[in-house]
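*Asks:* Okay, structure incoming, though there's no sequence with it:
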């Protein structure tokens, strides 16, 4: 396991971290024993979890590819997590060399790893900030240096809004970002949902609520769709993760609803 470029004074090793647990699901090695313990507990409860996380990552790649094909050259990835293969900047810059990406996360481990990964990438950077404070994110020097908000941007909120509780007014947060974006910008969202596996969804959310500092709030399809207010939803709308523009029919499970994650992409008119 590679040495961790950490910020020791700001890392809580007593609690699992959602970003590091996600990294473990994806087969990464940027996680600690406490994260692996929780992940294994969750997998015993719900064996398909790693497949769900991989489907979410695959959606991110397809969405970034689509945005690049539509001429987007700027990406703002909120709640970006720990870098793994298939990051936004890798996909975007492969499709459109010169594409610029700013990652945003609150986890010091995710930020430290990302800084290490991006040290030789002049068109990508990361800031440690809370996505729930749009002004702090949008006014940051990193955003000012790399992104021109007068031009279209792809705003990535992939597998992160379910960690923003209702008390934080997530719809108002998304609206603030929307209002700061230029026409022609895209909003990319994936979100945990109870549909498909109601038998385990609530217990999985309870596990995050009890064990981490970032409780999970699963939302039904109508509530996820509401995040796209002010955007034109692209076809096929808000759908289970594997059904958002799959690369091939063979990539779609016989029961895609079991992935319990919803995905959608909208364009600001």
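*Replies:* It's in. None of the values given here were measured: they were computed from a predicted structure.

*Asks:* For residue 187, I want the exact helix or strand it lies within.
*Replies:* strand 186-192 (DSSP states H and E).

*Asks:* name the helices or strands packed onto that strand?
*Replies:* helix 49-69, strand 154-158, helix 170-180, strand 261-267 (3 or more CB pairs under 8 Å, 6 or more residues apart in numbering; DSSP states H and E). C-beta: built from backbone N, CA, C; applies to glycine.

*Asks:* residues in contact with the helix or strand that contains residue 24?
*Replies:* Per DSSP H and E, residue 24 falls inside helix 18-25. Residues outside helix 18-25 that contact it (CB atoms under 8 Å, 6 or more residues apart in numbering): 29-32, 35-36, 38-39, 42, 49-50, 53-54, 79, 81-82, 84, 105, 107, 109-110, 159, 163, 208, 212, 214, 216.

*Asks:* Among these, which lie within strands?
*Replies:* Filtering the contacts of helix 18-25 for membership in strands, criterion DSSP state E, returns residue 105.

*Asks:* Now residue 92: closest residue in space that isn't a chain neighbour?
*Replies:* Spatial nearest neighbour of residue 92, excluding adjacent residues (CB to CB, 6 or more residues apart in numbering): residue 99 at 4.0 Å.

*Asks:* Comparing the helices and strands packed on strand 186-192 by mean pLDDT, which bottoms out?
*Replies:* Lowest mean pLDDT within the helices and strands packed on strand 186-192: helix 49-69, at a mean of 91.

*Asks:* The stretch 1-150 of the chain: helices as residue ranges?
*Replies:* 18-25, 33-45, 49-69, 88-95, 108-117, 134-138, 141-146 (DSSP state H, counting those that start in this stretch).

*Asks:* My guess is residue 166 contacts residue 217. True?
*Replies:* Yes: judged on CB atoms under 8 Å, residue 166 makes contact with residue 217 at a distance of 6.5 Å.

*Asks:* quick one, which of these two is more surrounded?
*Replies:* residue 217 (19 against 10; other CB atoms under 10 Å).

*Asks:* is it true that that one touches residue 160?
*Replies:* No: using CB under 8 Å, residue 217 is not in contact with residue 160, being 11.5 Å away.

*Asks:* low-scoring stretches of the stretch 1-150 of the chain, by residue?
*Replies:* Applying pLDDT under 70 to the stretch 1-150 of the chain picks out residues 1-12, 83, 85.

*Asks:* on that earlier part again, out of the helices and strands packed on strand 186-192, which gets nearest to residue 239?
*Replies:* Evaluated over the helices and strands packed on strand 186-192, closeness to residue 239 peaks at strand 261-267, with 6.4 Å, by CB to CB.

*Asks:* Can you tell me which residue is spatially central in this protein?
*Replies:* In the chain, the centroid-proximal residue (CA atoms, centre = their mean) is residue 158; its distance is 2.6 Å.

*Asks:* Going by neighbour count, list what's buried in stretch 123-140.
*Replies:* 123-132, 134, 137-138, 140 (16 or more other CB atoms under 10 Å).
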